[in-house]
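Participant: sequence below, structure please.
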Amino acid sequence: MYSISSRFASRRLRSTRATFRYTAKTVLIGLSWVPVIAYVANHVVWIGVIDGSSMTPTLNPETNGLAKDVTLLWKLNAKNYSSYKRGEVVVLRNPRDPEGTVVKRIIAFEGEEVRTRFPYPESTVIVPPRHFWVEGDNIHSIDSNTYGPIPIGLVTARVQTIVFPLDRWGSVPSAGGRDPRSVVVGLSYSRYPKST
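Facilitator: Model prediction:
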């Protein structure tokens, strides 16, 4: 009787050790991927949920506020000023609250003169070097008309693709914005040469 019991206990102990080794190995493999995922999320690409209505109707077109667009955020080369195009939608650190982020559309680049909107204190402004003029598509958006030109250092990602809801899957359009007014009044590149 003693030998049967000890064999059973020995088998059970081996089984427990094998389970522990398998679990430990799986956990270590999983943990080894954490730095890779963190690097990709912080420097290459990530999924973001768009909160708020400042980019309506391009993003979050539902007026109930419950449906939020899920987008692909491209972070690679986010600090490369010359890689941006007019009309691109970007994520940037909120100039009023560095802990927060906002989503806006690029309207103008360095050296361009912009006809501003209320509440900006001047009727026109020339965008300084390595800055953008950004606006939300929604007329009630708080944007460069409130806080002025945005330095490239605040930009964290491009909003590339809407991935959810599925019926809206596709690239974020570069055309859009508030109304068809001519935002860029003139070009002053001689004053501010385009930097790369």
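
Participant: please make it C-alpha for all contacts and neighbour counts, starting now.
Facilitator: Will do.

Participant: helix or strand for Arg93, which one?
Facilitator: Assigned by DSSP states H and E, Arg93 belongs to strand 89-94.

Participant: what sits up against that strand?
Facilitator: Identification of contacts with strand 89-94 by Cα atoms under 8 Å, 6 or more residues apart in numbering yields 99-106, 154-160, 172, 174.

Participant: state the next helix or strand along the chain beyond that strand.
Facilitator: strand 97-108.

Participant: run the angle between that following strand and strand 89-94 for me.
Facilitator: 140 degrees (axes from the mean of the first three to the mean of the last three Cα atoms, to 10 degrees).

Participant: work out the gap between the helix or strand that comes right after strand 97-108 and the centre of the chain.
Facilitator: Per DSSP H and E, the first helix or strand lying C-terminal to strand 97-108 is strand 112-115. Mean C-alpha position of strand 112-115 versus that of the full chain (Cα atoms, centre = their mean, to the nearest Å) differs by 25 Å.

Participant: do the same with stretch 76-86
Facilitator: With Cα atoms, centre = their mean, you get 13 Å for stretch 76-86.

Participant: that stretch: end-to-end distance?
Facilitator: Counting by Cα to Cα, to the nearest Å, you get 18 Å between the two ends of stretch 76-86.

Participant: now do the helices in this structure.
Facilitator: 2-32, 34-43, 144-147 (DSSP state H).

Participant: which of those helices sits most buried?
Facilitator: For the helices of the chain, the largest average neighbour count (mean count of other Cα atoms under 10 Å) is found in helix 144-147, namely a mean of 18.

Participant: packing partners for it?
Facilitator: In this structure, helix 144-147 packs against strand 131-135, with contacts taken as 3 or more Cα pairs under 8 Å, 6 or more residues apart in numbering; DSSP states H and E.
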